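In: got a predicted structure plus its sequence, pasted below:
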Amino acid sequence: MTHHDKIFAKPQPNIPDFSFNDQVASVFPDMISRSVPGYAAIVDGIGNLCARVAQPGTRIYDLGCSLGAATLSMRRQLDDRGCTLVAVDNSEAMINRAAEHLNAFVSPTPVELVCADIRDIDIEDASMVVLNFTLQFLPPQDRAELMAKIYRGLVPGGVVVVSEKLRFEGDRVHQLLDEMHLDFKRANGYSELEISQKRTALENVMKPDSKLQHYQRFSDAGFSEYSSWFQHLNFASLMAIK
């Protein structure tokens with residue numbers, strides 16, 4: 001059962017850094033759909049892409065899987081081509097709830113749920129790797145190394161998908177899209193207090209990159225083809241092909 005996100009509804013004198021704890025896990029579907037423009041379309045698109053690029057007998061990784069929305073979307077699209085889905089999250093609360101979500105869906109494609117830091121995971125024989133709003137929570141200095149590891153672990157023709165909140169090089173563009181995102185949250189019922197307190201909680205843990213930084217990282221890792229395939233306001237999903 002999905003609960004309504006009220007985590008930041010009351011004034012908090014000392015706002016701790018945002019973390020994917022049990023409290024967040026219990027309201028996560030509501031929180032993300034009301035906070036991230038285009039989230040449902042991105043999750044659907046990841047499933048459609050998987051149907052086209054998943055190679056028989058390979059592994060498909062969902063790194064930072066939270067409640068398993070992208071994993072489930074891919075699993076729905078995979079027939080019996082002998083793939084294995086590997087869903088990884090460092091939050092035990094998220095993994096436990098993801099197990100409930102995934103067990104409710106019957107499929108010939110097995111899912112390995114792993115509670116671990118995605119930086120410690122071996123990427124092997126992968127035809128698709130998904131980072132759906134995950135990379136932005138890693139320390140910036142660790143992102144390039146992870147992308148290089150993903151590149152090495154992909155089979156030829158393999159695809160990585162990275163969905164992120166974007167930072168923009170131009171101040172005016174950044175401000176306009178940021179304000180429109182705040183309007184999106186207000187339209188979804190978040191109060192000024194909730195918006196302000198959540199922003200404070202995220203300040204130290206979420207450091208977005210610009211699209212150019214993502215493209216440079218793909219290039220540095222070895223990818224020769226990359227593009228964005230979805231954008232709504234300051235949220236986008238990008239892909240790179242090996």
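Out: Structure's in. What do you need? Numbers count the residues shown, from 1 in each chain.

In: all contacts plus neighbour counts: C-alpha atoms, from now on.
Out: Fine.

In: of all the residues in stretch 113-124, which ones are buried?
Out: Buried positions in stretch 113-124, judged by neighbour count with 16 or more other Cα atoms under 10 Å: 113, 114, 115, 116, 118, 123, 124.

In: got it, and stretch 103-110?
Out: Buried residues in stretch 103-110 (16+ other Cα under 10 Å): 107, 109.

In: measure that stretch end to end?
Out: 10 Å (Cα to Cα, to the nearest Å).

In: residues in contact with it: which ones?
Out: The contact list for stretch 103-110 (Cα atoms under 8 Å, 6 or more residues apart in numbering) reads 75, 76, 78, 79, 80, 82, 83, 84, 85.

In: buried ones among the residues you listed?
Out: 75, 76, 78, 82, 83, 84, 85.

In: what sits against the third one?
Out: Under the criterion of Cα under 8 Å, 6+ apart, the contact partners of residue 78 comprise 50, 51, 54, 109.

In: and the lengthiest helix in the chain, what other elements does it pack with?
Out: With DSSP state H setting the assignment, residue counts place helix 171-187 as the longest helix in the chain. Judged by 3 or more Cα pairs under 8 Å, 6 or more residues apart in numbering; DSSP states H and E, the packing partners of helix 171-187 are helix 22-35, helix 192-203.

In: where among those is average confidence lowest?
Out: When these are compared on average pLDDT, helix 192-203 comes out lowest at a mean of 54.

In: lowest average confidence, helix or strand, in the protein?
Out: The weakest-scoring helix or strand in the chain, judged by mean pLDDT, DSSP states H and E, is helix 192-203 (a mean of 54).

In: residues of the very next helix or strand once past it that come out buried?
Out: Next along the chain after helix 192-203, taking DSSP states H and E as the criterion, comes helix 211-221. For helix 211-221, a neighbour-count test (16+ other Cα under 10 Å) marks 211, 214, 215, 217, 218, 219, 221 as buried.

In: quick check, nearest of these to residue 229?
Out: Of all these, residue 229 sits closest to residue 211, with 11.9 Å by Cα to Cα.

In: isn't that closest one right up against residue 166?
Out: Yes - applying Cα atoms under 8 Å, one finds residue 211 in contact with residue 166, separated by 6.6 Å.

In: beta-bridge partners for the most centrally placed residue in the chain, please?
Out: The structure's the chain has its C-alpha centroid closest to residue 132; by Cα atoms, centre = their mean the separation is 1.7 Å. Beta bridges link residue 132 to residue 163 when assigned by DSSP bridges.

In: what count of nearby residues applies to the nearest residue to residue 233 once chain neighbours are set aside?
Out: Leaving out its chain neighbours, the residue that sits closest to residue 233 by Cα to Cα, 6 or more residues apart in numbering is residue 177, at 5.6 Å. Residue 177 has 18 neighbours, counted by other Cα atoms under 10 Å.

In: appreciated, that's everything.
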